[in-house]
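In: Got a sequence here, can you model it:
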Amino acid sequence: MSYLPRIADSELDLRLGATGAVLIEGPRASGKTAMATQRAASHVYFDRERGVRQMVEVDPAMVLRGPPPRLIDEWQIVPEVWNHVRRAVDERAEPGQFILTGSAVPPDDVTRHTGAGRITRLRLRPMSLFESGQSSGEASLADLLAGRSAPTCASPLSAPDLAELICRGGWPALQGRSAEHAMIANQGYVDELRRTDIRRVDGVGRRPALVERVLRSLARNVATCASIATVARDARGPDNGIAERTVVDYLEALKRLMVREDQPPWAPHLRSRSRLRAKPKRHFVDPSLAAASLRAGPGAIRRDPEWFGLLFESLAVRDLRVYAQSAGGRVLHYRDGAGLEVDAVIESGIGPWGAFEIKLSSARADEAAKSLLKFADRVDTARMGEPAVLGVIVGDGYGYARPDGVMVVPLATLGP
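Out: Okay, here's the model as predicted:
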């Protein structure tokens, strides 16, 4: 399969020109090695080559030897290589020496230097619809954040198409596969998570049955602010028990495998006295893992409109994260004590910000627009600045600028 270009390719090039080493982090099968291989002049694969650990112990310089950039794949398998890379970067004093990839965050080690100023991190997520060719990209997030209007364009995708895309996910190796084959692969991915992958984090054995119940609970509560207590209660099995501390431990392990990525709350200055809620929204890094955790295919998803809507929201958040990262931004959400919510707030630090509601059906654009305008009226724009865009991301219909200034954008027309 030929390489499918990624939005983060340009970010990798930029970082290679700025620092001695770049660490590409992301879940297994997200395309890290393929991306790094496009730039690397030499490589060593820690998960494929025998004797590498012994090589690092006996002669670490041998592992680092090779034309730069030198790819060190799955570095966390031999964590001590981190300090050897850092020292080599110091000695060579040239940018672009190493590319490291990692699909798990190893336990903190006080003997390992942070790498500050030497190694920068690049997060690679599964492919967005734009990267996989399912979105036209006519509506650019960068343009919207620059205050430009949404173009008039139609979504090429139907509800059945979206349900199938949710099941397939953004995994590079599954693009072009049938939904049936992709579902088998994703269910195998989830099975490996609960049986073996979760042990890779720290070597601690965890009960596969409990891991499965936590994954299924997260899947049922995707794109919600479910508390630890809610997840624990929902994950109860025949033995009717799973402690909250166990849920915390399992959630942390899944986070370190980068298959779970919660959406933090946004805390703006408000004109009103509304109390902000501080719970994150629960997401998998790709909604296909939610579908696979519950063994749900496109038909089952479509028969549950409420869950379909939540999965679509998670799909949109995945894509927004990819597009926002390329502009130096991040994706948050808003929720206050008065019950007002906004599905996605794009914040770019000192740059402009924007807010989006996410609705599977364009028929709900009116109520979403009213909610956005109400939200914007609560934000203290003297401190936060005016929003560059208020938009409704929809699964069907057309993109256009409403008379009230709110943009309607089909997800299948959104791009970086």
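
In: quick one, helices of the stretch 251-400 of the chain?
Out: 287-293, 298-302, 305-326, 365-378, 381-384 (DSSP state H, counting those that start in this stretch).

In: Let's see the first one as CSV, backbone CA atoms only.
Out: The C-alpha trace of helix 287-293 is given here as CSV (Å, rounded to 0.1, in the frame of the first residue of the first chain):
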residue,chain,number,x,y,z
PRO,A,287,-14.6,6.2,17.3
SER,A,288,-14.1,2.9,15.6
LEU,A,289,-12.7,1.6,18.9
ALA,A,290,-16.0,2.5,20.6
ALA,A,291,-18.0,0.6,17.9
ALA,A,292,-15.5,-2.4,18.1
SER,A,293,-15.7,-2.5,21.9
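
In: what does that helix rub up against?
Out: 126, 166-171, 182-183, 186-187, 189-190, 212, 215-216, 218-219, 222, 259, 284, 297, 301, 311, 314-315, 318 (CB atoms under 8 Å, 6 or more residues apart in numbering). Every residue, glycine included, has its C-beta placed from N, CA and C.

In: and that helix, how far out from the chain's middle?
Out: 14 Å (CA atoms, centre = their mean, to the nearest Å).

In: Now do Ala296 against His43, distance only.
Out: Using CB to CB, to the nearest Å, we find Ala296 at a distance of 38 Å from His43.

In: Which residue of those two possesses the greater neighbour count?
Out: Counted by other CB atoms under 10 Å, Ala296 and His43 do not tie: Ala296 has more neighbours, with 22 against 17.

In: Which helix or strand in the chain has the lowest average pLDDT?
Out: The helix or strand with the lowest mean pLDDT-type score in the chain, counting by mean pLDDT, DSSP states H and E, is helix 52-58 (a mean of 76).

In: in that helix, what counts as buried?
Out: In terms of neighbour count (16 or more other CB atoms under 10 Å), helix 52-58 has its buried residues at Val52, Met55, Val56.

In: mind showing which ranges of the protein have poor pLDDT?
Out: Counting by pLDDT under 70, the chain contains low-confidence residues at 1, 107-114, 238-240, 349.

In: Apart from its chain neighbours, what residue comes closest to the most centrally placed residue in it?
Out: When CA atoms, centre = their mean is applied to the chain, the residue found nearest the centroid is Val285 (4.2 Å). Nearest non-adjacent residue to Val285, counting by CB to CB, 6 or more residues apart in numbering: Glu261, 4.9 Å away.

In: can you tell me how far that neighbour sits from Pro287?
Out: Glu261 sits 11 Å away from Pro287, going by CB to CB.

In: give me the number of residues near Asp366?
Out: Asp366 has 14 neighbouring residues, counting by other CB under 10 Å.

In: From Leu193, how far off is it?
Out: Taking CB to CB, one finds Asp366 at 40 Å from Leu193.

In: hang on, the earlier thing: in the very next helix or strand once past the least confident helix or strand of the chain, what's buried?
Out: Counting by DSSP states H and E, the next helix or strand C-terminal to helix 52-58 is helix 60-64. For helix 60-64, the neighbour count (16+ other CB under 10 Å) marks Pro60, Val63, Leu64 as buried.

In: counting contacts, what elements does the next helix or strand after helix 60-64 pack onto?
Out: Toward the C-terminus, helix 60-64 is succeeded by strand 70-73 as the next helix or strand (DSSP H and E). Contacts defined by 3 or more CB pairs under 8 Å, 6 or more residues apart in numbering; DSSP states H and E place strand 70-73 against helix 32-37, strand 42-45, helix 60-64, strand 98-102.

In: Isn't Asp404 up against Leu373?
Out: Yes: with contact defined as CB atoms under 8 Å, Asp404 counts as touching Leu373 (6.5 Å).

In: that older thread, out of Glu261 and Pro287, which sits in the more crowded spot?
Out: Each of Glu261 and Pro287 has its neighbours counted (other CB under 10 Å); Pro287 has more, 28 against 21.
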